[in-house]
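Q: task: produce atomic coordinates for the following.
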Amino acid sequence: MAGAQDERGPGPETGQQLPQPQVACQVFPERLAQGGPQPGFLSSFFTDNRKCQRMLLKTLETNPYVKLLLDAMKHSGCQAHMNRVATHELIHAFDHCRAHVSWFTNVRHLACSEVRAANLSGDCSLVNEIFRLHFGLKQHHQTCVRNRAILSILAVRNISKEVAQKAVDEVFESCFNDHEPFGRIPHNKTYARYAHRDFQNRDRYYSNI
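A: Reported below is the predicted structural model:
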């Protein structure tokens, strides 16, 4: 690969604060160069969110491939692992649906989605980290998210660890703090249930705008 610069394309200065309502731009910072959101962007964003959710739910409920694999993993005693994997991959699907990720041509897009997936899927929960024999107190969750994101990038892209680390570092602040559609980091199932309740309430509110 020629280098990270060619893949990244134009982007904001390191540490630049991004406008919070511009969710797609917040997740993929270089999109700020393409201009601000159009009128009605916020309500349009939540309309897109509902479409994404419906498509994902329909797939889980009706797709025979998905139903077979979910049932097989459940019967094999892999429920917890299945939950993490499914959540991780559904976060990628959500990102692709709402922000049109350039998975194969922009390593920063990939890095951002991997940061979000590691942060929001429970992959860096305390229990998982204990099983990995990883311990720490100060910003341990952030460290785990960063490391898992780098490992995920290296698993799917033929790039050096240095390039992967640089991509993660450049998007980490904005993508780590983007908790959509959860609205918070769901550290356990209770947090996830609260997040789902809040999302449904928020969804109903924006549908009436």
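Q: now the helices for the protein?
A: Using DSSP state H, the helices of the chain run over 4-8, 23-27, 41-62, 64-75, 79-99, 107-120, 126-131, 140-156, 161-176, 189-207.
Q: list the helices and strands the fifth one packs on?
A: If contacts are counted by 3 or more C-beta pairs under 8 Å, 6 or more residues apart in numbering; DSSP states H and E, helix 79-99 sits against helix 23-27, helix 41-62, helix 64-75, helix 107-120. Placement of C-beta: from N, CA and C, glycine included.
Q: report the rounded mean pLDDT for the last one.
A: Along helix 107-120, the predicted local confidence has a mean pLDDT of 96.
Q: F104: neighbour count?
A: 11 (other C-beta atoms under 10 Å).
Q: and G77, by the same measure?
A: 9.
Q: quick one: pLDDT of it?
A: pLDDT, read off for G77, is 78.
Q: and the helices and strands packed on helix 79-99, which one averages the lowest pLDDT?
A: Among the helices and strands packed on helix 79-99, helix 23-27 scores lowest, at a mean of 40.
Q: got any ranges where the protein has weak pLDDT?
A: By pLDDT under 70, the low-scoring segments of the chain are 1-53, 56, 129, 135-138, 203-209.
Q: recalculate using a threshold of 80.
A: Within the chain, the stretches with pLDDT under 80 are 1-61, 63, 65-67, 69-70, 73-74, 77-82, 126-139, 188, 199, 202-209.
Q: of all the helices of the chain, which lies closest to F182?
A: Nearest to F182, of all the helices of the chain, is helix 189-207, at 4.2 Å by C-beta to C-beta.
Q: C-alpha coordinates for that closest one, CSV please?
A: Only the C-alpha atoms of helix 189-207 are listed here, as CSV (Å, rounded to 0.1, in the frame of the first residue of the first chain):
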residue,chain,number,x,y,z
LYS,A,189,-27.4,-5.8,29.4
THR,A,190,-29.1,-3.4,31.9
TYR,A,191,-27.5,-0.4,30.2
ALA,A,192,-28.5,-1.8,26.8
ARG,A,193,-32.1,-2.2,27.9
TYR,A,194,-32.1,1.4,29.1
ALA,A,195,-30.5,2.5,25.8
HIS,A,196,-33.2,0.7,23.8
ARG,A,197,-36.0,2.3,25.8
ASP,A,198,-34.4,5.7,25.3
PHE,A,199,-34.0,5.1,21.6
GLN,A,200,-37.6,4.1,21.2
ASN,A,201,-38.7,7.2,23.0
ARG,A,202,-36.4,9.4,20.9
ASP,A,203,-37.5,7.7,17.8
ARG,A,204,-41.2,8.5,18.6
TYR,A,205,-40.3,12.1,19.3
TYR,A,206,-38.5,12.7,16.0
SER,A,207,-41.2,11.0,14.0
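Q: got the angle for it vs helix 79-99?
A: Angle between the axes of helix 189-207 and helix 79-99 is 20 degrees (criterion: axes from the mean of the first three to the mean of the last three C-alpha atoms, to 10 degrees).
Q: so which bits of helix 189-207 are buried?
A: By neighbour count on 16 or more other C-beta atoms under 10 Å, the buried set for helix 189-207 is A192, A195, F199.
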